[in-house]
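Q: Fold the following for me, if possible:
(2 chains)
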Amino acid sequence: MEYKIVVDVYEGPMDVLLNLIEKAEVDIYDIPINLITEQYMNYIYEMEGLNLEIASEFLIMASTLLEIKSKMLLPKEVINDEGNEIEVDPRDELVRRLIEYKMFKEAAEKLRFSEDTELMAYYKPREDLDKYTDFEENFEAMDLNQLVKSLYNIMVKKGHKDISISEINREEYTLEYCIEEIEDKLENAGELKFTDLLSNTCSKEEIITYFLSILELIRLKSIYILQDKMFSDIIISKRMDDMNG
Amino acid sequence: MDNAREVKSIIEGLLFAWGDPLEIKDLSSVLDIEVSELESILKEMIDDFNYNRRGLRIIKFNNSYQIGTRPEHYEWISKLNQDKYKKNLSNASLETLSIIAYKQPIIKSDIESIRGVKCDRALDTLMKKNLIKEMGRLERAGRPILYSTTDEFLKYFGLENLKDLPHLSELNPFEEK
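A: Alright, predicted model coming up:
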């Protein structure tokens, strides 16, 4: 198998075009559109050959080039500008865009120099000046609203525009608690239904935790479960055989 | 405060303790000295620091001042830390940023039409690095976001203000619209 990586990495179709024009050493104001279009298409075929995904931008540029190429074959369009008849070169718009892009690309290169220099300076973080202030830490006078307010202030400072804080409930049902509960009830009753475990106003959390507990107890081989049919209640019974060895 | 030497000494301490960029108006209120007077004092300090080849330099960008080490000392200071995390911007981000810098405020689609490629990722990176900010919206269909550069941008490239940007090459004979 032969690996051949020849495709340079370009920032986009404009970058490719500029590069082709530079390589061909032609005047950007008088682009030999046939030549450049051909080279551009070759570049795209090459990418295709390498199974690289071709971004739609590259295809748009290809169609622009082909459009210009075909327009070049037609008699030139003439527009009337205050009495002066001006021939419109189909390449004008592309040339304008290329030059504009080139301008910013060059500016970016200049900025790269400054970036390289400035990245080499170190700055120190702000001192924690608070440690020089004596704070009487009195949390008793605090209330929840004050806490929320200071959090809000910090978030706003950090640039978070909208924050909503909702109440976070303490986890009421833990796996340990539920397992213990099931074992207790089984000890007394010997057998029970899943629904018996749940309170009348059971929460999602309660159901899930109890269900997980059952799975855990099955894994530990301390219970049997039985379900008649799908979605019917689950009957839980104590598994005795383990104790007998 | 009568003594200019003393004032400079205090400012140096303030800039050191603060670490972050310190705005001239904050310096002014701490020292109770007019902004205009402070500006010339700070200008002198910047020159002094450079002239005396101090290990620190004071930089100015927009209305903020900050004290830090000299880029030319990177070679030595970097030996103190193991991992080098000096990370340049990608070409895509830098190109996008240069377009914003010169044409701000500018909307995304205008940047994209200059670059000929999408620039969402680049904008995202630049926002996260706090080099650009949203400057409101253009009042037209879709109300697109206008982007402009931040003070952090100036600092990042060692510019005092936007006028310090390198000149765009003059090869464009076509009039800007």
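Q: Break the chain into its domains for me.
A: With no chain named, the answer covers chain A. Following the assignment in automatic domain parsing, chain A carries domains at A:13-118, A:175-238.
Q: other chain: chain B
A: B:4-75, B:91-164.
Q: ok, the helix or strand bottoming out on mean pLDDT in chain A: who's next to it in the sheet?
A: When each helix and strand of chain A is scored by mean pLDDT, DSSP states H and E, strand A:77-81 comes last, with a mean of 78. Here strand A:77-81 has these sheet partners by DSSP bridges: strand A:84-88 (antiparallel).
Q: average pLDDT for the helix or strand following the strand it pairs with?
A: Using DSSP states H and E, the next helix or strand after strand A:84-88 towards the C-terminus is helix A:92-118. Averaged across helix A:92-118, pLDDT comes to 91.
Q: Next SSE downstream of helix A:92-118?
A: helix A:144-157.
Q: tell me the mean pLDDT over stretch B:128-136?
A: 94.
Q: Put the alpha carbons of that stretch into PDB.
A: C-alpha atoms of stretch B:128-136 as PDB (Å, rounded to 0.1, in the frame of the first residue of the first chain):
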ATOM      1  CA  LYS B 128     -13.300  32.000  24.800                       C
ATOM      2  CA  LYS B 129      -9.900  33.600  24.800                       C
ATOM      3  CA  ASN B 130     -11.600  36.900  25.300                       C
ATOM      4  CA  LEU B 131     -10.000  38.400  22.300                       C
ATOM      5  CA  ILE B 132     -13.300  39.400  20.700                       C
ATOM      6  CA  LYS B 133     -16.700  40.400  22.100                       C
ATOM      7  CA  GLU B 134     -20.200  40.900  20.900                       C
ATOM      8  CA  MET B 135     -20.900  44.600  20.300                       C
ATOM      9  CA  GLY B 136     -24.700  44.400  19.800                       C
END
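Q: roughly how far is the least confident helix or strand of chain A from the heart of the chain?
A: 49 Å (Cα atoms, centre = their mean, to the nearest Å).
Q: Residues touching the worst-scoring helix or strand of chain B on mean pLDDT, excluding its own?
A: Least confident helix or strand, chain B: helix B:74-77 with a mean of 88, by mean pLDDT, DSSP H and E. With Cβ atoms under 8 Å, 6 or more residues apart in numbering or on different chains as the test, helix B:74-77 has contacts from A:Met120, A:Ala121, A:Tyr122, B:Thr69, B:Lys86. (C-beta placed from N, C-alpha, C; glycine too.)
Q: Show me which positions of it end up buried.
A: B:Tyr74 (16 or more other Cβ atoms under 10 Å in any protein chain shown).
Q: Next secondary structure after that helix?
A: Scanning onward from helix B:74-77 (DSSP H and E), the first element met is helix B:91-103.
Q: And for residue 96, the neighbour number?
A: You didn't say which chain, so I picked chain A. Neighbour count of A:Arg96, defined by other Cβ atoms under 10 Å in any protein chain shown: 16.
Q: that's the other chain; I wanted chain B
A: 31.
Q: before we move on, what about A:Leu50?
A: Look at A:Leu50: counted by other Cβ under 10 Å, it has 12 neighbours.
Q: where does chain B have low pLDDT?
A: B:1-2, B:83-86, B:170-177 (pLDDT under 70).
Q: redo that, cut-off 50
A: B:173-177 (pLDDT under 50).
Q: In space, what's closest to the residue most central in space within it - neighbours in sequence excluded?
A: What sits nearest the mean C-alpha location of chain B, by Cα atoms, centre = their mean, is B:Leu154, with 1.8 Å. Counting by Cβ to Cβ, 6 or more residues apart in numbering or on different chains, B:Leu154 lies nearest to B:Phe61, which is 3.8 Å off, once chain neighbours are set aside.
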